[in-house]
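Undergrad: Just a sequence and a predicted model for now, questions to come.
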Amino acid sequence: MNVYMYEILEDYQYAETDAEREEIFSSFCRLIWENPNQRTIISRPVTFRISPDLLTTEIGQIFSSYTSLPCTVCLSLTGSRDFASLIRQKVNNIYTRYFDKTICRKKDYIDLLNLPKKLYFQWLSAVQKNNPSWTASPQELSRTLENAVAQAELIKEISARETMTLSWEEFQQVTECYFRKLFDHYQPLDEFQNSQNLIVYASDWNEDNFCVGYFCRGLEGYFRNYQKKYYGLYNVNSRRGITYGRCSCGNLFLQNRQHNRRLCDSCRKSARRQSYQRYNRKRA
């Protein structure tokens, strides 16, 4: 790509007419949406292979049921270094994090899917070294693996409830609104350096790195605010000292000093109603 991002932003700033600015902005959006770094979802199961001489053992048979656990992921990195690919990757990652109900990125979920593989290699090492350190009985192992898979599914369900609903087409429209704000508020690197008393010495760092970082940080902040607005919690006058909690239903709620609070307003009302109903039934 021969065009630089800082040139696009400067051309937009110094354009003489609204029509020129609109054409520059539209061209930039096309560069992002038509970029080859498309959002790619793949199946990447957690797999391992049981040694043939151990497959007939009781514990080997238990592990054989967990040698391939399904896991769906969305590619989160790109090898391309041009600005359009990097910004498109950030856009892809934001959609995966906030709006894709099919992808679970929680560390606990991945750790639980990897637990059968981890325990298998611990058992294999103990068998090969004739080490009596492996003490789990087949019944205990079976319960542990069953619970791990069940807990992983529960975490995935909770993650889906915590995900907002927005189609890819609607997401593109929202993103372009944020692109527009970032275009309008862009401050060139030399002006930013002067305002922040910042001096950059890195020889392999240029203004395009600054522009890409500016866009990525800006998009992240805008979509955090989008999430607060989605749950009716955004307050433009309150930027610090506010904490948020996540209800089991998936809703975000304002927590503030009530750190022991675990439910949103709707679920709290529902829980109180059910408590009153149980109390009334006992009195009847």
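TA: Ah, there it is.
Undergrad: going forward, measure contacts and count neighbours with C-alpha atoms only.
TA: Noted.
Undergrad: show me what contacts Val46?
TA: Thr67, Ser68, Leu69, Pro70, Cys71, Leu113, Asn114, Lys117 (C-alpha atoms under 8 Å, 6 or more residues apart in numbering).
Undergrad: Excluding covalently adjacent residues, which one is nearest to Lys90?
TA: Closest residue to Lys90 apart from its sequence neighbours, by C-alpha to C-alpha, 6 or more residues apart in numbering: Cys216 at 6.4 Å.
Undergrad: Can you report phi and psi for that neighbour?
TA: When quoted as degrees, to the nearest 10, the phi and psi of Cys216 stand at phi -70, psi -40.
Undergrad: Pretty sure it sits against Ile87.
TA: Yes - between Cys216 and Ile87 a contact is recorded at 6.6 Å, counting by C-alpha atoms under 8 Å.
Undergrad: pLDDT below threshold where in this protein?
TA: Along the chain, segments meeting pLDDT under 70 span 1, 192-205, 236-241, 256-259, 276-284.
Undergrad: Distance-wise, check Gly232 relative to Leu9.
TA: Distance, Gly232 to Leu9, by C-alpha to C-alpha, to the nearest Å: 33 Å.
Undergrad: More neighbours: these two, which one.
TA: Taking other C-alpha atoms under 10 Å, Gly232 and Leu9 do not tie; Leu9 has more neighbours (22 against 12).
Undergrad: Tell me, how many residues neighbour the residue nearest to that one when sequence neighbours are not counted?
TA: Leaving out its chain neighbours, the residue that sits closest to Leu9 by C-alpha to C-alpha, 6+ apart is Phe183, at 6.5 Å. By other C-alpha under 10 Å, 18 other residues sit near Phe183.
Undergrad: Helix, strand, or coil at Phe183?
TA: helix (DSSP: H, G, I helix; E, B strand; the rest coil).
Undergrad: who touches Ser159 in this structure?
TA: Contacts for Ser159 (C-alpha under 8 Å, 6+ apart) come out as Lys101, Cys104, Lys106, Gly250.
Undergrad: So how do I select the buried members of those residues in ChimeraX?
TA: Filtering the contacts of Ser159 down to the buried ones (16 or more other C-alpha atoms under 10 Å) takes a single ChimeraX command:
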select :101,104,250
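Undergrad: Let's see which of the contacts of Ser159 end up in helices.
TA: Among the contacts of Ser159, no residue falls in helices (DSSP state H).
Undergrad: Specify which member of the contacts of Ser159 is nearest to Glu20.
TA: Ranked by distance to Glu20 (C-alpha to C-alpha), the contacts of Ser159 are led by Lys101 at 39.1 Å.
Undergrad: distance of that closest one from Cys267?
TA: Noted for Lys101: a distance of 21 Å to Cys267, by C-alpha to C-alpha.
Undergrad: Name the residues of stretch 7-14 that are buried.
TA: The neighbour-count check on stretch 7-14 (16+ other C-alpha under 10 Å) flags Ile8, Leu9, Tyr12, Gln13 as buried.
Undergrad: who touches that stretch?
TA: By C-alpha under 8 Å, 6+ apart, the residues outside stretch 7-14 that reach it are Glu20, Arg21, Ile24, Phe25, Phe28, Phe183, Asp184, Tyr186, Pro188.
Undergrad: what number of residues lie near Cys211?
TA: Residues lying near Cys211 (other C-alpha under 10 Å) number 22.
Undergrad: same check, this time on Phe210
TA: Using other C-alpha under 10 Å, Phe210 has 15 neighbouring residues.
Undergrad: Okay then, goodbye and thanks.
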